[in-house]
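Asks: let me see the structure of the following:
(one chain, ligands or ions: 1)
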Amino acid sequence: MNQAAGDGTDRYHRSMTPTGGEGRVALVTGASRGIGAGIARHLLDRGVRVAGAYRSGRDSVVELAARHPGQVLPVHLDLADPDTLSAGVDEVHRHWGRLDSLVLNAAVWDGGRLTRMDPDAWWRVVETNLRGTATIVRAAVPHLIAGENPSIVIVGSVVGEIGFPGDTAYASAKAAAVGFARSLAKELASKKVRVNVLAPGFVDTDMTAAVPAGSRNAIVEATLLGRFGTVDEISRAAVFLAEDATFCTGTVLTADGGWSL
Ligand SMILES: NC(=O)c1ccc[n+]([C@@H]2O[C@H](COP(=O)([O-])OP(=O)(O)OC[C@H]3O[C@@H](n4cnc5c(N)ncnc54)[C@H](OP(=O)(O)O)[C@@H]3O)[C@@H](O)[C@H]2O)c1
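Replies: Model (predicted):
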């Protein structure tokens, strides 16, 4: 068998080199604000076309599309509404005819000590995040398999590894994402689809805006680099996993300024 005979050799070698963004298509969930919006901007800077998924923040993705004509497709995906998930993935593929990279960044958060948290609310966090991830991935895999340097990046959290009080539900979902990603990496290796997790520490976004000053100071003090991370720093790490990390699969990249050490 050789390349000309169509044995996949060419595709095999191409999977070892970053492809450059031109022509590529990425779907980024939670692209309306915070880390997801940063990832979308960094991918666009690399020339990657971005399907920017929003739940309620349509306007900001539409604005991004206006700034990058022909490069951004706003897509509605609600993790809590499974019907929107596969429909959204199919819409991206119908529009651009390909999907090379999937960045699962959106997540729902709700917290409280286990013994004080309403059990239904607790399960909603675990189920919405985990079911949402699995549903989007299931819909995307057939398209990714045909992509160039195909990759899946799941935005997890160091909280899934080391825990945090008041976060048993969120941390359970984030820990599950690691087992999910590692198993999926094994399932998709033969198709050259890389699957990795990015585990940020504390980052300045809407999600952490309500952290009380006392807790914030304690976190900053416990972080080796002495501060919260920025959206740009986390976005660059996500783009590294999605685009450049051609020998990484099943890995967890921690980006927490040393907080979890
Ligand atoms: N910030 C941190 O310190 C930190 C630390 C570790 C991990 N993370 C992880 O990083 C990721 C992004 O967090 P962030 O801080 O950027 O959050 P954020 O600023 O609160 O933004 C959340 C994003 O997720 C989307 N979203 C929320 N619920 C959704 C749902 N049910 N369906 C679909 N989309 C939904 C929102 O969409 P709309 O605006 O359109 O509603 C928004 O784009 C999350 O996975 C989070 O767990 C964050």
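Asks: use CA for all of it now, contacts and neighbours both
Replies: Will do.
Asks: all strands of this structure, in order?
Replies: Taking DSSP state E as the test, the strands found in the chain are 25-28, 49-54, 72-76, 101-104, 151-155, 194-200, 252-255.
Asks: this protein against the ligand: which residues are in contact?
Replies: 30-36, 54-57, 77-80, 105-108, 155-157, 200-208 (C-alpha under 6 Å from any ligand atom).
Asks: are any of those buried, and if so which?
Replies: Taking 16 or more other C-alpha atoms under 10 Å as the criterion, what is buried in the residues of the chain next to the ligand is 30-36, 54-55, 77-80, 105-107, 155-157, 200-203.
Asks: the residue nearest to residue 221 when sequence neighbours are not counted: neighbour count?
Replies: Of all residues not flanking residue 221 in the chain, residue 227 sits nearest, at 7.8 Å (C-alpha to C-alpha, 6 or more residues apart in numbering). Neighbour count for residue 227, taken as other C-alpha atoms under 10 Å: 19.
Asks: quick check, residue 227 in contact with residue 204.
Replies: No - applying C-alpha atoms under 8 Å, one finds residue 227 not in contact with residue 204, separated by 9.7 Å.
Asks: about what we covered before: need the strands of the chain in TSV (columns: mean pLDDT).
Replies: Formatted as TSV, the strands of the chain follow (pLDDT from 0 to 100):
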stretch	mean pLDDT
strand 25-28	98
strand 49-54	98
strand 72-76	98
strand 101-104	98
strand 151-155	98
strand 194-200	98
strand 252-255	98
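Asks: dump those strands into CSV; add distance to residue 179 as well.
Replies: CSV is the format used below for the strands of the chain (distance: least, C-alpha to C-alpha, whole Å):
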stretch, distance to residue 179
strand 25-28, 21
strand 49-54, 24
strand 72-76, 27
strand 101-104, 15
strand 151-155, 11
strand 194-200, 10
strand 252-255, 10
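Asks: so which of those is nearest residue 163?
Replies: Closest to residue 163 of these is strand 194-200 (C-alpha to C-alpha; 12.4 Å).
Asks: ok, that closest one: who's next to it in the sheet?
Replies: Sheet partners assigned to strand 194-200 using DSSP bridges are listed as strand 151-155 (parallel), strand 252-255 (parallel).
Asks: out of these, which is the most enclosed?
Replies: strand 151-155 (a mean of 27; mean count of other C-alpha atoms under 10 Å).
Asks: if we can go back for a sec, what's the pLDDT at the residue nearest to residue 221?
Replies: Looking at residue 227, its pLDDT is 98.
Asks: with the one 3 residues further on instead?
Replies: Among the per-residue scores, residue 230 shows a pLDDT of 98.
Asks: can you check residue 21 too?
Replies: Per-residue pLDDT puts residue 21 at 79.
Asks: so how far is residue 217 from it?
Replies: In this view, residue 21 and residue 217 are 39 Å apart by C-alpha to C-alpha, to the nearest Å.
Asks: kindly report the same for residue 183.
Replies: 37 Å.
Asks: what's the answer for residue 27, then?
Replies: Going from residue 27 to residue 217 by C-alpha to C-alpha gives 35 Å.
Asks: looking only at neighbour counts, state which of these two leads.
Replies: Under the neighbour definition other C-alpha under 10 Å, residue 27 and residue 217 were set side by side, and residue 27 has more, 29 against 15.
Asks: which ones are touching that one?
Replies: Neighbouring residues of residue 27 by C-alpha atoms under 8 Å, 6 or more residues apart in numbering: 50, 51, 52, 53, 89, 92, 99, 101, 102, 103.
Asks: and the helices in this structure?
Replies: For the chain, the helices defined by DSSP state H cover 9-14, 34-45, 58-67, 82-96, 119-144, 159-162, 168-188, 213-222, 231-239.
Asks: reformat these as JSON lines; add distance to residue 151.
Replies: Formatted as JSON lines, the helices of the chain follow (distance: least, C-alpha to C-alpha, whole Å):
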{"stretch": "helix 9-14", "distance to residue 151": "13"}
{"stretch": "helix 34-45", "distance to residue 151": "13"}
{"stretch": "helix 58-67", "distance to residue 151": "22"}
{"stretch": "helix 82-96", "distance to residue 151": "15"}
{"stretch": "helix 119-144", "distance to residue 151": "7"}
{"stretch": "helix 159-162", "distance to residue 151": "22"}
{"stretch": "helix 168-188", "distance to residue 151": "10"}
{"stretch": "helix 213-222", "distance to residue 151": "32"}
{"stretch": "helix 231-239", "distance to residue 151": "10"}
